[in-house]
Structure formats: C-alpha cells, structure tokens
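1. Pasting the sequence and the predicted coordinates here, then a few questions.
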Amino acid sequence: MTIFGPLTRAVALAGLLLSATAGLAPVKAAPADVALLKSYIGEWRGRGVMIGANEETVVCRLSLSEGNQDKVNYNGRCALAGTNLSVAGTLAYVDASRRFEAAMTSNATFTGIAVGQKRGSGLVFNLRERDQDEEGKDLSISAQIQLSGDAIQVAFEIVYIDSGDSLRAEVPFSR
C-alpha cells in the first residue's frame with residue numbers, strides 16, 4: 001500500500017476546498033445565475049474525515065465574497081495532521097460557455113477548473129484531473145462540490161493509477 005506523503009495530502013486538501021469549492025471572465029451572466037452564486041457569499045466551516053492508509057480528521061474554513069463582473073471569489077484553508085493548505089479562486093457563470101465554472105489555485109501547486117451545473121435549487125461542480133505525486137506516480141483526482149440550500153458538501157478522491165490505492169474525503173460545510 002502506498003503511504004500518502006504531505007504533498008499528496010496537500011493536493012487532497014486542495015481538492016476539498018476547490019472541489020470546496022472553486023480568473024474567469026463572464027461577459028453577461030443571467031441575473032438568476034448570478035443571484036444563485038451570490039447566495040453562498042459568507043463564512044463557512046467544515047469538518048470531515050479523510051480516509052487513506054489512516055483515517056484523519058479534516059478541519060476547514062471557507063470565505064466567499066463578491067468579486068468583479070458578477071464573480072464570487074473564495075479563499076479557504078484546511079488543516080490535516082499538521083499540514084495546512086490554502087486555496088483561492090473564483091466562481092462564475094460564463095456566458096460564452098453557457099455554464100458555471102470554478103477556478104482554483106493552491107499553495108500545493110494544484111490548479112484546476114471545475115464545471116458546474118444547476119441541480120434543483122443548487123449547484124454541483126465536478127472536477128476530474130490527472131496529475132503526479134512528488135515521486136512521479138500517476139494519480140487520478142476527482143472532486144465534487146454541492147451547493148444546496150444552506151450547505152456545501154465536498155467529496156474528493158485521489159487514486160494511484162498503478163496500485164489502485166486511494167485517498168478520499170468528505171467534508172460538509174455550514175455557515
């Protein structure tokens with residue numbers, strides 16, 4: 001079994017905050033789509049479990065604020081086993097693509113764009129990426145962020161392609 005190192009855990013935490021979540025330029029978003037994004041502006045807290053070789057508690061906070069051009073900016077931080085991860089990004093409805101998108105950068109060198117869709121009265125963002133860990137091993141990274149009602153739910157998984165070993169986490173956020 002692969003032992004997950006600090007960089008792998010940091011990438012996992014980045015996914016949680018994006019996944020939470022999370023430089024797009026919408027031209028002219030529909031008012032209802034902008035209102036839906038802005039309904040999540042505020043301070044969020046989350047606590048969950050990351051399961052890999054061991055089970056560890058993950059504690060996160062996430063701040064969403066109004067950005068330029070109908071965007072919502074976010075900044076987040078998670079703590080896990082002495083490792084801290086910070087992420088920042090933008091949520092937007094992009095008219096040119098006719099979809100919601102979340103862009104993210106992190107202090108773990110992980111970046112990505114998640115595509116969002118309306119589901120009922122909320123939004124679901126999905127991210128699927130391939131990357132390598134600090135030892136050059138291929139990883140499959142998937143994350144889902146659900147914004148629904150007055151809650152945000154983040155689910156994240158890293159799978160080592162060669163061995164099938166995995167690291168997964170779920171973190172519910174509330175205001």
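-> Cool, got the structure.
2. from here on, contacts and neighbour counts on C-alpha atoms
-> Fine.
3. my read: Tyr74 touches Leu64, true?
-> Yes: using C-alpha atoms under 8 Å, Tyr74 is in contact with Leu64, at 4.4 Å.
4. Which one's more surrounded, those two?
-> A count of neighbours by other C-alpha atoms under 10 Å puts Tyr74 above the other of Tyr74 and Leu64, at 27 against 24.
5. Quick check: beta-bridge partners of that one?
-> Beta-bridge partners for Tyr74, by DSSP bridges, are Leu64, Gly89.
6. That one and Ala53, how far apart?
-> Here Tyr74 is placed at a distance of 30 Å from Ala53 (C-alpha to C-alpha, to the nearest Å).
7. Next up, the contacts around Gly116.
-> Applying C-alpha atoms under 8 Å, 6 or more residues apart in numbering, we find Gly116 in contact with 99-102, 123-126.
8. Please identify the nearest residue in space to it, excluding sequence neighbours.
-> Nearest residue to Gly116, sequence neighbours excluded (C-alpha to C-alpha, 6 or more residues apart in numbering): Phe125, at 4.0 Å.
9. Can you check the pLDDT for that neighbour?
-> With respect to pLDDT, Phe125 scores 88.
10. quick one: it from Gly164, how far?
-> Phe125 is 25 Å from Gly164, by C-alpha to C-alpha.
11. Looking at those two, which has the bigger crowd around it?
-> Between Phe125 and Gly164, Phe125 has the larger neighbour count (other C-alpha under 10 Å), namely 24 against 12.
12. Report the strands that pair with the one helix or strand that one maps to, each with its relative direction.
-> Secondary structure from DSSP states H and E places Phe125 in strand 122-132. Next to strand 122-132 in the sheet, as set by DSSP bridges, lie strand 111-119 (antiparallel), strand 138-148 (antiparallel).
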